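Novice: next come a sequence and a model predicted from it.
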Amino acid sequence: MSSSAPIVRSDVPDEPLFKRLMRATEIDTRMVGMIAALTLIWVGFNVYTYFQSGEGLFLTPRNLWNLTVQTSSVAVMATGMVLIIVMRHIDLSVGAILGFVSTIIGVTQTSVLPYYLGLDSPYIWIVTVMLGLVVGAAIGALHGSLVAYLGIPAFIVTLGGQLFWRGAAWWVTTGKTIAPLDERFALMGGGPLGSIGAVASWSLAALACIGIVIGLYAGRRRRLRYNFPLRPMWAEIALAVVGCFVALGATWVVNDYPWPERVAANYATAHHIQAPEGGLFISTGYAIPVLIVLVAGIVMTFIAKRTRFGRYVYAIGGNPEAAELAGINTKKITVLVFAIMGVLAAISGCIESARLDAATNVLGQFEELYVIAAAVIGGTSLMGGVGTIYGALIGALVIQSLQSGMVLLGFDSAFQEMVVGVVLVGAVGIDTFYRRGTARG
Amino acid sequence: MDAQTKVPLVEMKDISLAFGGLKAVDHASIDLYPGEVVGLLGHNGAGKSCLIKVLSGAYPRDSGQIFINGEEAHIANPRDAKGYGIETIYQTLALADNVDAASNLYLGREIMTRWGTLDDSAMEHEARKVMARLNPNFRRFKDPVTALSGGQRQSVAIARAIHFNARILIMDEPTAALGPAETAQVGELIKQLKSEGIGIFLISHDIHDVFDLADRVTVMKNGRIVGAAPVKDVTKDEVLGMIILGKCPPGATPGPGAVAG
Ligand SMILES: Nc1ncnc2c1ncn2[C@@H]1O[C@H](COP(=O)(O)OP(=O)(O)OP(=O)(O)O)[C@@H](O)[C@H]1O
Ligand SMILES: [Mg+2]
């Protein structure tokens, strides 16, 4: 027990290569399964479009870049929906909160703040975003309090909330579309200007690589300190290489997507640059909404894994009575979880209204369904207690990939919805089957 | 032990608890001295678990008072009870099924790093030490506790209760799922804790175990106390009579639940 030689997970003879790989790297098999499914979808659409039109249209920088931007709103909310579902609740109101917050932001941006701060004030966007987050948090906390302290089922509270806040959004705008929004605010929606360009993207990728290596190193040192079993060195190196490869590869893709010709040409004239033959190539780089997703994913993962609050969320989801008996204030945690969900819905409201450059009362309609689907496809169990943030992010990407792919193939939206429905049920079916097979394993 | 001259560690006075019309606990009084093991006996549904759940803060009582070291204690929830040094091993174990042993051990009292984040490594390290003492064969530290056997789960619940310097320990059928070796280990543990001055309520259906470990027994029937007696003053058969018939033998102090005659 207290021998000083580090323990390395010993190799089991005759273990199949894949199993050994999974065990050594400690990667969870379900994550590999999801990534495999995603790859299959991507390659499948690419091959299909190749046979249909002579060139693969799916795996292009342009399509992949758009895919990530289109996923961002659902992805941000899915990170919060995981915790809600882990606690055995549900939130049907996120789409309505998103819409309501966006109208509040729109109205304050166009018809309130300009009178106080001036029409072009650089503070307008930040004040309105803050306001939106506060409103989202307050609505979420209200829902959470009704669930926790009055014992009304979350399904009912948030179903009522959906109707209420959607109606309230109409009431704020009287059904009108509020546009255009503040110019700086609009950057949150992405687009050529709402992206960070080549240099910043590469810097970010470098930072990510450094982060991955430091993270692995710190983890190894911690295990050494307590004499816990270590991953074999080759597995650590493999993880680092794959991690950096993904970060750099993604960056290469987004940097390979140029600004549209006209935007680049305007930029060239504005900055007195001589455009070369064939137009100026300006790398788009990561879009700001995608960076927001990354930050939301990292922060929510941190909350879920490394904080007391997160630990309690999972403990409550596994056995609410036991959590209560352990002295956890389950009501407070419930309120907080819904408040966080409200904040995330508000962030998605910013992203979507910024992308449209308009706020309307129907923004985010039916999006709660996609958010829940993303979390569930990503492995969150409706029985409570189980679910990961990264899973939900991949789930969101799976749904958006299916939709984008079918748009490329020219399928209409009715058909898209049918396919997403089938995939949702299929994914949960396969998962249930698989879990039964490996239960107690 | 001249227990009677000291202030009791715990004194529950006239406790009542009803679920609708069902009187689960009916004007029950019970006490416990430091370094003493009190066995709580009774048929299924007698109200033993309910009585101790009032003490552990899991159920709010309808009436009655609780004194800790002679002072009235205000216990409205499990947090309050833990504040008084009361630790409980519940009959249902009350484990968070989907997190691992270490997380369960420290649930509600996590070890934090200096950055204010969970220190899972430190918790696992401590958990390995505690479990080595209780159940040396225990290896599954990375698995959620649903994946553990009944006895392993019980070991985790026991570890959690003894790990935080309890002054008062409530054990509701702690060995129901344990093998003979593990049961013996818990017996040793109880003796050791007792010698450290901890007061223990032990609920068990195994009357031999209770006679081996307890200093006094208290018997409940239909929510009421039949009587209490030092184990040396009563026989096993007399105690069985208390449990089944509610008959209080001469060596015992009768309670409100004793049948006349
Ligand atoms: N949460 C509850 N709601 C309603 N009735 C309850 C509840 N908990 C216990 N009871 C009832 O209270 C009575 C006493 O139950 P209790 O659990 O204290 O029995 P016990 O003496 O611990 O029995 P056992 O030996 O089977 O564990 C029983 O009749 C039981 O049905
Ligand atoms: Mg009981």
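Specialist: Structure's in. What do you need? Ligands and ions are numbered 1, 2, ... in the order given.
Novice: so what's the residue in the stretch 301-441 of chain A that ligand 1 sits nearest to up against?
Specialist: Nearest residue of the stretch 301-441 of chain A to ligand 1: A:Glu321, at 10.0 Å (C-beta to the nearest ligand atom). The C-beta positions use only the backbone N, C-alpha and C, and glycine is treated the same way. Contacts for A:Glu321 (C-beta atoms under 8 Å, 6 or more residues apart in numbering or on different chains) come out as B:Thr92, B:Ala94.
Novice: any idea which element it lies in?
Specialist: Using DSSP states H and E, A:Glu321 maps to helix A:320-325.
Novice: buried ones in that helix, by neighbour count?
Specialist: Across helix A:320-325, burial judged by 16 or more other C-beta atoms under 10 Å in any protein chain shown covers A:Pro320, A:Ala322, A:Ala323, A:Glu324, A:Leu325.
Novice: filter those down to the ones close to chain B.
Specialist: Among the buried residues of helix A:320-325, the residues within reach of chain B (C-beta under 8 Å from any C-beta of the partner chain) are A:Ala322, A:Ala323, A:Glu324, A:Leu325.
Novice: any idea how far ligand 2 is from the first one?
Specialist: Right, A:Ala322. Distance of A:Ala322 to ligand 2, computed by C-beta to the ion, to the nearest Å: 16 Å.
Novice: then A:Trp42?
Specialist: For A:Trp42, the distance to ligand 2 - C-beta to the ion - is 56 Å.
Novice: same deal with A:Leu336?
Specialist: A:Leu336 is 34 Å from ligand 2, by C-beta to the ion.
Novice: point out where the chain drops to low pLDDT.
Specialist: Just going to use chain A. Confidence mapping of chain A against pLDDT under 70 gives the ranges A:1-13, A:437-441.
Novice: correction: the question concerned chain B.
Specialist: In chain B, residues with pLDDT under 70: B:1-5, B:261.
Novice: centroid residue for it?
Specialist: B:Ile170 (1.8 Å; C-alpha atoms, centre = their mean).
Novice: what about the helix or strand encompassing B:Ser49, near chain A?
Specialist: Under the criterion DSSP H and E, the helix or strand holding B:Ser49 is helix B:48-55. No - judged by C-beta under 8 Å from any C-beta, helix B:48-55 stays clear of chain A, getting no closer than 8.9 Å.
Novice: closest residue of the stretch 151-261 of chain B to ligand 2?
Specialist: B:Asp172 (5.8 Å; C-beta to the ion).
Novice: right, and that residue touches B:Cys50 too?
Specialist: No - judged on C-beta atoms under 8 Å, B:Asp172 makes no contact with B:Cys50 at a distance of 10.5 Å.
Novice: between the ones next to chain B among the buried residues of helix A:320-325, which sits nearest A:Arg23?
Specialist: A:Ala322 (30.3 Å; C-beta to C-beta).
Novice: can you list the residues of chain B near ligand 1?
Specialist: Residues of chain B found near ligand 1 (C-beta under 6 Å from any ligand atom) are B:Phe19, B:Leu22, B:Ala24, B:Gly42, B:Asn44, B:Gly45, B:Ala46, B:Gly47, B:Lys48, B:Ser49, B:Cys50, B:Gln91.
Novice: appreciated, that's everything.
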